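Novice: Here is a sequence together with a model predicted from it:
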Amino acid sequence: MPSVGADMSVAMTASMTDVTHQHRLAWVLGLGLLLLSAALAVIGAGVGSTGFESAWRAWSDPVAWQIVWDIRLPRTLGAWMAGALLGLAGAVAQGLFRNPLADPYLLGSASGASLGVAAALALFGVSPVATQWLVRLGLTGAAFVGAVAAVLLTLLLARGVQHTLRLLLAGVIVGVVLGAVHSLVTLLAPEILQAMQAFMLGSTGFVGWTACLLMAAVWLVCMVVAWMLSRVLDGLALGEATAHSLGLPLAPLRAALVAVLALATGTAVAQTGLIAFVGLAAPHLVRSVVKTTHGRLIFLSCLMGAVLLMTADMLARWLIAPQELPVGVLTAVLGGSYLLWLMHRRTGRSRML
Amino acid sequence: MNSVALDARSIRARLGFAEVLHGIELSLPAARWTSIVGPNGAGKSTLLKVLAGLLHHQGEVRLLGRPPASLSGRARARQLSWLGQNQATADDLTAYDVAMLGRLPHQPWLGSPSAADRAAVEQALRATQAWDWRGRALGQLSGGERQRVLLARALAVQAQVLLMDEPLANLDPPHQADWLLLVRELVAAGKTVVSVLHEISLALQADEMVVMAQGRVTHQGRCSEAATHRALEQVFDHRIVVQPLSGRWVALPKL
């Protein structure tokens, strides 16, 4: 969105002090991202191994129709949904842990999901591409159960959600331990390595309409709850003691936020594998344009994550067509360079972390 | 009308394993400005947190005659506003949004800010001369400017009792003077202000003074009394002298 960005920087220098200006900025950004989503969805229907031709002939040719309706459209919208879930989880995680480098996988959900998938693959036997829907469903379920179980384990180790630091440490420990178990499983059953690799890199290629609807439903629930709790995140930004002095019952609210975080991350991971950096970068990109309260930030971060992943999905299909890149590789490269830039900028202002 | 705003009986509190408050007995008068002073590590900030109900402690605290536990969190937050020292600052929120957080205890859970909320926030930001840059994010402000926004956040609560820990940190002399005038105004309007201050000369402008050392209250009295001045000099190892200067009291280092 280069044009939107340029408009904004001009407007920003014009009136930095106006509060309504920030609100307007938030609206412009939101609308811009929505328009971009719609445009990308249309393009997404046209990008693939058979090219735009299928999209033109979709009304007359049943095969072309099937390609567009059953494969391209669901995966495009699925990428949007998964990106939105990760963007939401990232914004919630960064607010909850008051750490700009927090990401959705912080509470061990990533390693939990990988372990779940590895265990399922090892038990079901190998199915490198896993085309049968039953196996696919089994893997999705295993990833979700693994992610949520890892978060529960982290909560158990941290003895609740009272202490942010303890929660973070427990998340790291659970991540390391489950990661080790996962390595052990792949070592014992080396034939699952290739299938495992596909999951670890993340892919939007298997998303169908059912997965789309599931992600949409979960996103809606998480968004409503996160929006209702966004004031708690605003209060927490001033420190726990201040939030407490403002009469916020922190313990139950924080537990609810952790639940939102786990649900959103678990659902996204289960459908698309471990997609790197979208959850980390989306809130930062939003904040670099507009300074706003968490209610708006979370929603904008959803849109930003959605657009990011949709773009990455498109590039993954298009760059070396008719071959396909794993979308996780693209988000890692794009997100990694962004993170590096962010760190440099932050150390430049000597406010690292 | 209750004449005691905060009443503390045999307060003991610990940070980690070390007990930092050893049986504090204190009662702070309503509609007065009390300043708490003492050397580093005397337990001033801890005491303020206990009074604000933010720290687990033994003993009893009464806020305007009632134990704070009898009030809901929100009701307590409407009556008592606390400004901490070295708290996290919300770098990505605008000054206006931060000040509006002070209205949280007044707002219904999902309601948008009412006209009263907006008026309170504007008044608070104007009182600390922060209104002009209300649209800027806290991360873009200097230390002193940020402190004025946080001060406005505490004022926007419009609580009966205000507890402030080092409210003058990073403020330049004109804004320190403004803060003194602001506190006098609040007290004249019947509010109670309690502040922990390191600048003894500024602390001496208060109505009452509490002198602390090593987790105990060593003296409580009016700022104009000679006994208070002697207690002050003593708690700082006689390294300062309290002297009158054109009708007011100032503390100077003893060389």
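Specialist: Cool, got the structure.

Novice: Of all the helix elements in chain B, which one is longest?
Specialist: helix B:173-188 (DSSP state H).

Novice: Next, the buried residues of it.
Specialist: B:His175, B:Asp178, B:Trp179, B:Leu182, B:Val183, B:Leu186, B:Val187 (16 or more other C-beta atoms under 10 Å in any protein chain shown). Yep, even glycine has a C-beta here, placed from its N, CA and C like the rest.

Novice: what about it, distance to the chain center?
Specialist: Distance of helix B:173-188 from its chain centroid, counting by C-alpha atoms, centre = their mean, to the nearest Å, is 13 Å.

Novice: Which ones, among the buried residues of helix B:173-188, also lie beside chain A?
Specialist: With C-beta under 8 Å from any C-beta of the partner chain as the criterion, the buried residues of helix B:173-188 include none near chain A.

Novice: all helices in the stretch 1-150 of chain B, in order from the N-terminus.
Specialist: Taking DSSP state H, counting those that start in this stretch, the helices of the stretch 1-150 of chain B run over residues B:44-51, B:73-79, B:95-101, B:115-127, B:143-156.

Novice: Phi first, then psi, for B:Ala30.
Specialist: phi -80, psi 160 (degrees, to the nearest 10).

Novice: Test my guess that it contacts B:Arg62.
Specialist: No. Using C-beta atoms under 8 Å, B:Ala30 is not in contact with B:Arg62; the gap is 11.8 Å.

Novice: Mutual contacts of these two, please.
Specialist: B:Val4 (C-beta atoms under 8 Å, 6 or more residues apart in numbering or on different chains).

Novice: Contact partners for the nearest residue to A:Gly335 once chain neighbours are set aside?
Specialist: The spatial neighbour of A:Gly335 that comes closest, neighbours along the chain excluded (C-beta to C-beta, 6 or more residues apart in numbering or on different chains), is A:Phe277 at 2.4 Å. Going by C-beta under 8 Å, 6+ apart, A:Phe277 touches A:Asp103, A:Thr331, A:Ala332, A:Leu334, A:Gly335, A:Gly336, A:Tyr338, A:Leu339.

Novice: okay, these in TSV with secondary structure and distance to B:Arg103 next?
Specialist: TSV is the format used below for the contacts of A:Phe277 (DSSP: H, G, I helix; E, B strand; the rest coil; distance: C-beta to C-beta, whole Å):
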residue	secondary structure	distance to B:Arg103
A:Asp103	coil	32
A:Thr331	helix	39
A:Ala332	helix	42
A:Leu334	helix	40
A:Gly335	helix	37
A:Gly336	helix	41
A:Tyr338	helix	36
A:Leu339	helix	36
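
Novice: Among those, list the two that are farthest apart in space.
Specialist: The largest separation in the contacts of A:Phe277, counting by C-beta to C-beta, is between A:Asp103 and A:Leu334 at 14.8 Å.

Novice: Tell me which of these two has more neighbours.
Specialist: Shown here are A:Asp103 and A:Leu334; by other C-beta atoms under 10 Å in any protein chain shown, A:Asp103 has more neighbours (24 against 18).

Novice: Report the secondary structure state of the residue sitting nearest the centre point of chain B.
Specialist: For chain B, the residue lying nearest the average C-alpha position, counting by C-alpha atoms, centre = their mean, turns out to be B:Met164 (1.7 Å). Under the three-state scheme (DSSP: H, G, I helix; E, B strand; the rest coil), B:Met164 adopts strand.

Novice: Could you list the buried residues of stretch A:199-216?
Specialist: Neighbour counts using 16+ other C-beta under 10 Å place A:199-208, A:211-212, A:214-216 of stretch A:199-216 among the buried residues.

Novice: could you give the mean pLDDT of the host helix or strand of B:Trp249?
Specialist: Taking DSSP states H and E as the definition, B:Trp249 sits inside strand B:248-253. For strand B:248-253, mean pLDDT rounds to 91.

Novice: Summarise which helices and strands that strand is packed against.
Specialist: helix B:200-203, strand B:240-245 (3 or more C-beta pairs under 8 Å, 6 or more residues apart in numbering or on different chains; DSSP states H and E).

Novice: Between strand B:240-245 and that strand, find me the angle.
Specialist: Here strand B:248-253 points in a direction 150 degrees away from that of strand B:240-245 (axes from the mean of the first three to the mean of the last three C-alpha atoms, to 10 degrees).

Novice: Just give me the neighbour total for residue 71.
Specialist: No chain in the question, so chain A it is. What A:Ile71 shows, counting by other C-beta under 10 Å, is a neighbour count of 18.

Novice: wrong one, chain B
Specialist: So B:Leu71, with other C-beta under 10 Å, has 18 neighbours.

Novice: which helix is the longest one in chain A?
Specialist: Under DSSP H, chain A gives helix A:19-46 as its longest helix.

Novice: neighbours around residue 254, how many?
Specialist: Since you didn't name a chain, this refers to chain A. Count around A:Arg254 with other C-beta under 10 Å applied: 23.

Novice: oops, chain B please
Specialist: With other C-beta under 10 Å as criterion, B:Lys254 counts 11.

Novice: Quickly note the distance from it to B:Pro29.
Specialist: 31 Å (C-beta to C-beta, to the nearest Å).

Novice: I'd guessed A:Gly305 sits against A:Trp80; true?
Specialist: No. With contacts counted by C-beta under 8 Å, A:Gly305 stays clear of A:Trp80, the gap being 9.1 Å.

Novice: if you count what's nearby, which of those two comes out ahead?
Specialist: A:Gly305 (34 against 28).
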